[in-house]
Every structure is written in structure tokens, then in C-alpha cells.
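>>> below: sequence and its predicted model.
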Amino acid sequence: MGVPVAAMPYFHQAQGAQPAVARSIAVLREQGVLVLDGPDGYESHPPKRGNPKAYPWEKALAGVRTLRKPGRFRPCGT
């Protein structure tokens, strides 16, 4: 529909190691979704050691701001 989308998943390392996660992220990126993970977004935490209060909202907001730059967003199917 031409709407820019950014996602920054919050999960622990064991969840992130599940092969379906990597495939899902790849598919989202192929569809033009800006997925912020790793050093550019949220870096997975060890199981049972998450700290939702430390979620890096500044990285999420910075990612959303990049979607507003001309030429950054690529609609699905293009």
C-alpha cells in the first residue's frame, strides 16, 4: 500500500537463533520493511535477562526518521 514500515523486534538470543526468525526478517526486508536488529537496532539479550525499560527507543525513532528521507522507502513489489 506504499506505507513505510519499520520494525525493531525484542527477543532473547535463543529466540533469535531460531531459523524461522532469520527467514522472517529476510522476507520482511525483501518486502521493503526496515528491520532494525543487531548493532543498528535492538541487540538480543540472554534468555531471562531482558530489560524492557532499556529498550533503545532512540534507535527505533532514528530508523523511522530515515523512512522519511527521499529515496529511502521502496514500496513492496518494486
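Done, it's in.
>>> switch to C-alpha atoms for all contacts and neighbour counts from now on
Fine.
>>> contacts for stretch 45-59 next, please.
Outside stretch 45-59, the residues that touch it by Cα atoms under 8 Å, 6 or more residues apart in numbering are 11-14, 40-42.
>>> just the buried members of those residues?
For the contacts of stretch 45-59, a neighbour count by 16 or more other Cα atoms under 10 Å gives the buried set as 12, 41-42.
>>> in strands, which of those residues fall?
Among the buried ones among the contacts of stretch 45-59, DSSP state E puts none in strands.
>>> and which of those is nearest Val3?
Gly41 (20.5 Å; Cα to Cα).
>>> pLDDT score assigned to that closest one?
The per-residue pLDDT reported for Gly41 equals 91.
>>> ok, for it, nearest residue in space, not its chain neighbours?
Nearest-residue entry for Gly41: Lys59, 5.7 Å, with adjacent residues in sequence omitted and distances by Cα to Cα, 6 or more residues apart in numbering.
>>> pull up the gap between that neighbour and Ala17, please.
Distance of Lys59 to Ala17, computed by Cα to Cα, to the nearest Å: 22 Å.
>>> between those two, which one's more packed in?
Here Lys59 and Ala17 are set side by side on neighbour count (other Cα atoms under 10 Å), and the busier one is Lys59, at 17 against 11.
>>> so how far is Trp57 from the most far-flung residue of the chain relative to its centre?
The outermost residue of the chain, judged by C-alpha distance from the chain's mean C-alpha position using Cα atoms, centre = their mean, is Lys48 at 20.9 Å. Separation of Lys48 from Trp57 (Cα to Cα) stands at 20 Å.
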